[in-house]
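Colleague: attaching a predicted model along with its sequence, questions to come.
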Amino acid sequence: MIDILIKNLPIIVVLCPLMTSLLVVLIPNIFFSWILTTLSTFLTFLFSILLYQEIQIHSHISYALGKWMPPIGIEYIIDKVAIIPVIIISGISFIATIFAYKIMPEEIEKKSISKVYSLWLLAIAGLLGLVTTGDAFNLFVFLEISSLASVALVAMGAHKDKQALVAAYNYLIIGAVGATLYVIGVGLLYGITGTLNMADLTNRISDLNNNRALIAGFGFMIIGIMVKAAVFPLHIWLPRAYAYAPSAVSVLLAATATKASLYILARILFSIFENSENLINNTLLFVILPLSLLAMFAGTIMAIYEKDIKRLLAHSSVAQIGYITLAFAIGTKASVAAGFIHMFNHAIIKGGLFIAITSIGFYIKKRVTINNLSGLGREMPITFFCFVICSLSLAGLPLTAGFISKLYLIKASISSDDIWIAILILISSALSVVYLWKIIEVMWMRDGRKIVIKENPTIYISLIIITILNIYFGLDASLVVNGSFEAADKLIGDLK
Amino acid sequence: MITIENFILITISSPLIVCVLTPFISKNTILRDCLGPIGGVISSWGAFNIISSALNNQNTTLEIVKITEGVSIGFEITPLGAIFGLVASFLWIFAAIYSVGDMRGNKEKNQTRFYSFYAMAVHAALCIAYAGDLLTLFIFYEVLTFSTYPLVAHKQNEKAQKAGRLYLSILVGSSVILLLPGIIWVWVATGSLDISQNGVLDGKIDEAYAPLLLVMFVFGIGKAALIPIHTWLPAAMVAPTPVSALLHAVAVVKAGVFTMLIVLTNVFGIDFLAKTGASEWLIWLASFTLLATSIIAIYKDDIKARLAYSTISQLSYITLGGALATSMATQGAALHIITHATGKITLFFVAGALYVGSKITKISELNGYGKGDPLIFLAFFIGSLSIIGVPPMAGSWSKFFLMLGAAESGYVVVIGVFCISTMLNAFYLLEIPARAFFLKNEREINLKIPKLILIPTLITSFITILLFFFIEPFQNLTSMIVSKI
């Protein structure tokens, strides 16, 4: 029994949320639909932990769907690289589901709650499928599943604020353009190689250096994924979508959605096209590197001038995605590892910040803008304290997870002789202190109107969990660091 | 028998306990106000034991967590750290008593918050003193900044908030942009952050880069207040006087120069500095700061502003001592941490006492006030003499060693700098007791100073005299700093 389970784990991780998503929609009761969703995300998380242990033994698990052997059939691959986003997505979605319990009924019509949970699970399934699949076209399918589900989830925010519809529409159109570009790229590659299996693609591409169709296909794929990963300047859908989505959805999307696409980006750059060295090096140097640097500064500066806190955090996400792509752009083993470290850490940091801000929105029953926050820090000490810890983590101060990211990012850039990049990283993270401090100061020092707020344990429990994670991974980074270095080892291997 | 490891824990955790307990007993004001001095006594008891262990040359380390390869958090006793730890914890006793008097005298709001963060700041300073590596040092350097912010912005008016923002942006900004990268650079170059050696960079880093790295450290350590990153210190004077006294004359700024000395002697190493000449520019920068701020101090009429500029000037003595890179100068710099601390805290105590007593903030208003309370001006006089460097006050020792060091290093100009600065010190500090005692005031003099303020002030001024005669153990410790070279 256990054997069968373990053998089928790669697909079970995806199927578990996918199947429950179909069940949840049948349950009209708010509480029971939530219980089922929680159970499903918990099981998914459990399965990904099992997968993690399995990966420690066999470093590469391949699963042929329906016993159709690859490269003909669809293959699911879990290796030391893929396990990182799997853990991030399943873990965060579990925490976000706990958080959703009180928040969701507040913001969404009672009768559509179970549908929302169904979409919720569908989005998670899509994201997990995205990172486990080893088939370029199957990847497109999951990309669309997760995007369409997320668009619908964002649109659900319309119950509170009609702006959500505009945000969802933008997300839909831009997301669809991105996905289309990607699928055009896949089509071109299929045309010249005749395969859709990623591993097979890698082998066949090596004979096709400087083929124009190959370069065009690569360009389409990369741009399509960059839209999804919200790499500057293709991020324009992101701030609105995060800002107007229902609170719990913002948490889920901010912490997981772009991470999956960033992982795909790394896969395309360093795995599928690993043999087209020239192409990759040029892309890294002339496209990804400048865009990442721009993202770091543009996102941070936008955040400094932003008044709406959810949007502010969204802009900050754009900057943080810039750090991750920057790490990829440097292109050494150490830097790619730093990228994965930050991918993980940013998920727990941004998850924590979004939970804190949206729970403040829940307590004050208003949009959270900088002026609405006056003096709230003293009214809700637990939420405020956790927010401060996550902020420090984002700014990269020692003892928090964010510090480890910065440490390895800077080490990687110094050891590849790019000291100026290290300096830019530092300036940008110092700037991020500006907007974080602005929030903290208003919450703590400014006197606001007196409102009595009673913090609700069902809401802050998830915040506390994620804050503890932020501190834990700042104190004992070995798990993340080793995992990321193994991943980078696998991706770049003996290339550099 | 308590082990030295436990003494470290006792010393650093007692202010932390005070910080945590204070909000819980805020209803019982008497008990709450007693917590600080009690914590100070326990903490300095530990610090005295640590000093004696440091004198016996015991090597004690205490690792708390290991974060990743070569990066950990832990504590260790170094001679310099033992000195700084004793200064911070011992003076905390008197500052804590004083702050009760000051808070009550001025009827300040939010007293509980004040006491709590005050103890937190002391905790951070002590952790800096006993830090075992650069990362621990950096962490508590930041904790110190953040815990002092609510104290600086305590009055919560426009001016205080503006000062608080400047305070944070300069200190956090400089440390995050320059100090942290400097530390990471050391980690990348040497693979460890250890500070127990006399210099780890020799041979690990390109000598051409050494001045650049030193620039990052010098301007990253904003708390050492060298021009042009000194502006936070005068701005921070908007805080209540106990904060200016303990934190902006002792804990915070001494943490800055302490870090500076650690960087100069234990990271770079005196030999490496002397060999590469990397610190030559620092000698001139420190000399310039030393003289320029002394001159600015003359033109300040506000008592606390004048003392603030005087502090900046005195901090440069310490940096200069480190930068001269000779054993005498380093000893002088280390001694100056103690002697300046006791002197300057007395001066700030008096400034606060005058404010509590009759709301005086300006020097020009002081005429004839010596009649009101001669004792307080006597304390100021003693403190001033110590800072000027007149025997038999403690300050004369450190100046003596610094001058010797300057002579030893061959920078004769620096001796001149010290001499001019001494004259300037005398000029701007002695004006205050001179006006109080010798000038007449037509208005009626009304100066009532609470006992809780007067007594700690007198004690600290007495300590400056006492230190002159009992400097020997400290001098032994400072000679241990340089003995391994």
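Modeller: Arrived safely. Numbers count the residues shown, from 1 in each chain, chains lettered A, B, ... in the order given.
Colleague: for B:Pro37, what are its contacts?
Modeller: B:Pro37 makes contact with B:Ile93, B:Ala96, B:Ile97, according to CB atoms under 8 Å, 6 or more residues apart in numbering or on different chains. Every residue, glycine included, has its C-beta placed from N, CA and C.
Colleague: ok, and the most crowded of those residues?
Modeller: For the contacts of B:Pro37, the largest number of neighbours (other CB atoms under 10 Å in any protein chain shown) sits with B:Ala96, at 27 neighbours.
Colleague: OK, contacts around the nearest residue to that residue once chain neighbours are set aside?
Modeller: Distance criterion CB to CB, 6 or more residues apart in numbering or on different chains; nearest residue to B:Ala96, sequence neighbours excluded, is B:Gly36 at 3.1 Å. Residues in contact with B:Gly36 (CB under 8 Å, 6+ apart) are B:Val18, B:Trp92, B:Ala96, B:Ile97, B:Ser99, B:Val100, B:Tyr115, B:Tyr118, B:Ala119.
Colleague: can you rerun that using 7 Å?
Modeller: B:Val18, B:Ala96, B:Ser99, B:Tyr115, B:Ala119 (CB atoms under 7 Å, 6 or more residues apart in numbering or on different chains).
Colleague: what's the offset of the helix or strand encompassing A:Ile173 from the middle of its chain?
Modeller: Secondary structure from DSSP states H and E places A:Ile173 in helix A:163-193. Put simply, helix A:163-193 sits 18 Å off its chain's centre (CA atoms, centre = their mean, to the nearest Å).
Colleague: which positions in chain B make contact with chain A?
Modeller: Within chain B, the positions adjacent to chain A are B:65, B:67-68, B:135, B:138-139, B:142, B:153, B:156, B:161, B:168, B:172-173, B:176-177, B:181, B:184-185, B:188 by CB under 7 Å from any CB of the partner chain.
Colleague: just the buried ones from those residues?
Modeller: Among these, the ones that count as buried by 16 or more other CB atoms under 10 Å in any protein chain shown are B:67, B:135, B:138-139, B:142, B:153, B:161, B:168, B:172-173, B:176-177, B:181, B:184-185, B:188.
Colleague: among those residues, which are located in helices?
Modeller: Those of those mapping onto helices are B:Leu135, B:Phe138, B:Ile139, B:Glu142, B:Gln161, B:Leu168, B:Val172, B:Gly173, B:Pro181, B:Ile184, B:Trp185, B:Val188, per DSSP state H.
Colleague: quick one: which two of these are the most distant?
Modeller: Distance extremes for those: the farthest pair is B:Gln161 and B:Val188 at 38.4 Å, using CB to CB.
Colleague: quick one, phi psi at B:Ser279?
Modeller: Dihedral pair for B:Ser279: phi -100, psi 10, per degrees, to the nearest 10.
Colleague: no, scratch that, I was asking about B:Lys362
Modeller: Torsion angles, degrees, to the nearest 10, at B:Lys362: phi -110, psi 140.
Colleague: leaving out the residues flanking it, which one is nearest to it?
Modeller: B:Asp301 (5.0 Å).
Colleague: over to that neighbour: give its phi and psi.
Modeller: According to degrees, to the nearest 10, B:Asp301 has phi -90, psi -30.
Colleague: average pLDDT across stretch B:160-177?
Modeller: Mean pLDDT, stretch B:160-177: 86.
Colleague: for it, which outside residues touch it?
Modeller: Under CB under 7 Å, 6+ apart, the answer for stretch B:160-177 is A:426-427, A:429-430, A:433, A:437, A:445, B:141-142, B:145, B:149, B:152-154, B:219-220, B:222-223, B:229, B:231-232, B:235-236, B:238.
Colleague: what does stretch A:412-427 give?
Modeller: Defining contact as CB under 7 Å, 6+ apart, one finds that stretch A:412-427 is touched by A:293, A:296, A:327, A:330, A:332, A:334-335, A:338, A:406, A:409-410, B:177, B:181, B:185, B:188.
Colleague: so which of the residues you listed are in strands?
Modeller: Residues of the contacts of stretch A:412-427 located in strands (DSSP state E): none.
Colleague: list the buried ones in the helix holding A:Ile173?
Modeller: Neighbour-count burial for helix A:163-193 [16+ other CB under 10 Å]: A:164, A:167-168, A:170-172, A:174-175, A:178-179, A:181-186, A:188-190, A:192-193.
Colleague: what's in contact with the one helix or strand in chain B whose mean pLDDT sits lowest?
Modeller: Taking mean pLDDT, DSSP states H and E as the measure, strand B:61-68 is the helix or strand of chain B with the lowest mean score, a mean of 80. Strand B:61-68 is contacted by residues A:404, A:475-478, A:481, B:5, B:8, B:72-76, B:132 when judged by CB under 7 Å, 6+ apart.
Colleague: pretty sure A:Ala257 sits against A:Ser150.
Modeller: Yes. Contact criterion CB atoms under 7 Å: A:Ala257 and A:Ser150 qualify, at 6.2 Å.
Colleague: regarding A:Ile78, what is its secondary structure?
Modeller: strand (DSSP: H, G, I helix; E, B strand; the rest coil).
Colleague: one step back: so which elements touch the helix holding A:Ile173?
Modeller: The contact analysis (3 or more CB pairs under 7 Å, 6 or more residues apart in numbering or on different chains; DSSP states H and E) places helix A:163-193 against helix A:136-155, helix A:198-205, helix A:212-228, helix A:237-244.
Colleague: what angle separates that helix from helix A:136-155?
Modeller: 180 degrees (axes from the mean of the first three to the mean of the last three CA atoms, to 10 degrees).
Colleague: roughly how far does B:Phe7 sit from chain A?
Modeller: 24 Å (CB to the nearest CB, to the nearest Å).
Colleague: correct me, but that residue touches B:Phe48?
Modeller: No. Counting by CB under 7 Å, B:Phe7 does not reach B:Phe48; the two are 9.0 Å apart.
Colleague: now for the buried ones among the residues of chain B next to chain A: which two are most distant?
Modeller: Pairwise over these, using CB to CB, the maximum falls at B:Gln161 and B:Val188, 38.4 Å.
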